[in-house]
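A.B. asks: quick one, what's the 3D model for this:
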Amino acid sequence: MAMATMRSAFRGAMCLRVRTLRASGRRRTLQERLRTLVGASEAQVEVEVAVDGQPKVDLDQASVQRLASDAKAAAKWALQGYPIREYELSVVLCDDSTIQILNRDWRGKDKPTDVLSFPLATREEWMQEPKETWDEMPAMMGDLVMSLDTAQMQAEERGHGIWDEARVLLVHGILHLLGYDHEISESEAKEMEQEERRILQALGWNVEGLISASSSQGSIHGNLENDGDLPGDQPPQDAGSGQGNTMGTDPQTTGRLAQADVTLEMDASSFLPTRTFAFTSTRASQERLVDLVAVDLDGTLLNSNSSVSRATAKALAAAAASGVRIALATGKARPAAHNALRTGYLSVSGGAPGIFLQGLVVHGMGGTLLPGEYLPSSIVQRAFDFAKESGISLSGFLGDTAICLQLDGNLKELHERYHEPLAVEMHSVEKVLSAPRVKKLLFMAEPETITQELRPHWEQALAGVAEVTQAVPTMLEILPFGASKGRGLHQMADHMGISTGRVLAIGDGENDIELFRAAGISCAMSNASDHVKSFADHVVASNDEDGVVDALERFVL
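C.D. replies: All right, here's what the predicted structure looks like:
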């Protein structure tokens, strides 16, 4: 992968999955995965290593392969007790300037550090995936970013080699990906320290774990990370489990959190910001008309740069702190929605409620996965037969994963730009039908093809048996009959014990109309079509003008 592409991914959209590596041929086939898992007695780990920036350490292919092998070994030991299936881990080796940008943007600390961890899912989320998909879809551990410049400095301070230090940082970062966090409490730190020691000893790596070494060295993540804040620097740490957030450490974090104005914890440490914000909420709780905000992503919470603005994150912080719960209501798959929020000031962990795949995947209180619907196999077969004959891009969503006949440019864009799961190639309609049941079908084509050909064809063909809807001009979606975000809202609100009459719905697309109908108060973004606006109670500013802030200030804050 070209360095310019890597830098763009990190410094622009902040999409830390090394998606292009997987989409350009390095991804193993289903048959290879199955051969790997047959007879396996331990977790199987696939490691992708990329290099960003210009580390001062000399890197050759042998060094990269050695580090990949070490990462795989460490991850296998860390995953003991987890389901026996395949896992994927991304490791990015970079220089101090690159990790400083990440540390600044994600943790509010404008200085280099040694390692950052970006979890993609929790153990609970992995366990909620249908077991029949385990052989086909790897569990995504997340991304581990390591500065070789800082690692070299720490290796010299601690009296061992650079690759010994890399092993220490790999173990530490992998444990963060699995939810360990030494900042939460002394007991949590002790547990993580013991895990570090167990893994290092099991692998025969004669080095001290990062937490244990810090007791004598005085800092867990190096002197550059812990030498005091820059003027005005506010560390965006949360007081919860840290799942779904960038992991890094600072020995003074606990004290700073006690003094912070607010650390956003939407719905019991589930929906979390990557920064700490001060705010003022003027609406008394007894006057509040809203208990839950259901907010769309594309065109609503996300601006034209596909990110969440600071003002929007700050307003959500104020809403959550006032007792209002926040839930996503999107057509995206759940991992895609969570990844999309990584482009801004928010991230989401496994305990968050939410409506995904146009209401076909609903998570209630505590992130509980609620019963969902599927498309009839006859419709799935007709759609994939049509795609095969016409050459039009089609992806079938199984829940958090997706399948296709063959990857093409559109489906790769669906993954890279819109954060949707990279579809697994099935190569034939027969294999599609033998896969786990499909919840949603998504065609992707030019807007004219959608409006002039695909939509008229499928609306006529599926009248009364399935729903045909659009969220963006280049995509047409087919859902089970009656499925919608509105139905998903009823299901989620009922599980949470909240009346839909006390829900504020915010959206911009045709697929938000039923959401508007189900909610007590509805707000359409000004960038919505006139047709969509006609179904909303109110129209607020556009997604590029912080329309979500406008809605929250009117009805919540």
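A.B. asks: could you pull out the strands for the stretch 101-250 of the chain?
C.D. replies: For the stretch 101-250 of the chain, the strands defined by DSSP state E, counting those that start in this stretch occupy 115-119, 139-147.
A.B. asks: export those strands as CSV, with columns for mean neighbour count and distance to residue 525.
C.D. replies: (Each C-beta comes from the backbone N, C-alpha and C, glycine too.) Shown next, in CSV, are the strands of the stretch 101-250 of the chain (neighbours: other CB atoms under 10 Å; distance: least, CB to CB, whole Å):
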stretch, mean neighbour count, distance to residue 525
strand 115-119, 25, 29
strand 139-147, 25, 31
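A.B. asks: packing partners for the strand or helix carrying residue 45?
C.D. replies: Using DSSP states H and E, residue 45 falls within strand 44-51. Packing partners of strand 44-51 (3 or more CB pairs under 8 Å, 6 or more residues apart in numbering; DSSP states H and E): helix 3-8, helix 61-78, strand 86-94.
A.B. asks: list the buried ones in stretch 61-79?
C.D. replies: 63, 67-68, 70-79 (16 or more other CB atoms under 10 Å).
A.B. asks: whoops, I mixed them up, stretch 174-194
C.D. replies: For stretch 174-194, the neighbour count (16+ other CB under 10 Å) marks 174-184, 188-189, 191-193 as buried.
A.B. asks: and which of those is nearest residue 402?
C.D. replies: residue 177 (23.0 Å; CB to CB).
A.B. asks: go ahead and confirm the closest one touches residue 142.
C.D. replies: Yes. Applying CB atoms under 8 Å as the test, residue 177 and residue 142 come out as touching, 4.7 Å apart.
A.B. asks: now stretch 201-211, how far from the centre of its chain.
C.D. replies: The chain centre lies 31 Å from the centre of stretch 201-211; the measure is CA atoms, centre = their mean, to the nearest Å.
A.B. asks: same check on stretch 192-199?
C.D. replies: Distance of stretch 192-199 from its chain centroid, counting by CA atoms, centre = their mean, is 27 Å.
A.B. asks: can I get the strands of the stretch 101-250 of the chain in TSV including distance to residue 325 and mean pLDDT?
C.D. replies: Shown next, in TSV, are these (distance: least, CB to CB, whole Å; pLDDT from 0 to 100):
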stretch	distance to residue 325	mean pLDDT
strand 115-119	22	89
strand 139-147	26	88
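A.B. asks: which of the ones you listed sits closest to residue 306?
C.D. replies: Closest approach to residue 306 among the strands of the stretch 101-250 of the chain (CB to CB): strand 115-119, 17.0 Å.
A.B. asks: quick one, which of the helices and strands packed on strand 44-51 is nearest to residue 164?
C.D. replies: Closest of the helices and strands packed on strand 44-51 to residue 164 is helix 61-78, at 10.1 Å (criterion: CB to CB).
A.B. asks: with just CA atoms, put the strand holding residue 45 into CSV.
C.D. replies: In CSV, the C-alpha atoms belonging to strand 44-51 read as follows (Å, rounded to 0.1, in the frame of the first residue of the first chain):
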residue,chain,number,x,y,z
GLN,A,44,-6.3,-18.4,14.7
VAL,A,45,-4.9,-14.9,14.2
GLU,A,46,-4.2,-13.2,10.9
VAL,A,47,-1.9,-10.2,11.3
GLU,A,48,-1.6,-7.3,8.8
VAL,A,49,1.5,-5.0,9.1
ALA,A,50,1.8,-1.7,7.4
VAL,A,51,4.4,1.1,7.7
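A.B. asks: what lines up beside it in the sheet?
C.D. replies: With DSSP bridges as the test, strand 44-51 is paired with strand 86-94 (parallel).
A.B. asks: returning to that earlier point: among the buried residues of stretch 174-194, which are in helices?
C.D. replies: Per DSSP state H, helices hold the following members of the buried residues of stretch 174-194: 174-177, 188-189, 191-193.
A.B. asks: may I have the phi/psi pair for the residue lying closest to residue 407 once chain neighbours are set aside?
C.D. replies: In space, and not counting its chain neighbours, residue 407 is closest to residue 425: 5.7 Å by CB to CB, 6 or more residues apart in numbering. When quoted as degrees, to the nearest 10, the phi and psi of residue 425 stand at phi -70, psi 130.
A.B. asks: picking up where we left off before, overlap in contacts, residue 177 and residue 142.
C.D. replies: Common contact partners of residue 177 and residue 142 (CB atoms under 8 Å, 6 or more residues apart in numbering): 89, 117-119.
A.B. asks: hmm, back to that, what angle separates the strand holding residue 45 from helix 61-78?
C.D. replies: Relative orientation of strand 44-51 with respect to helix 61-78: 140 degrees, computed using axes from the mean of the first three to the mean of the last three CA atoms, to 10 degrees.
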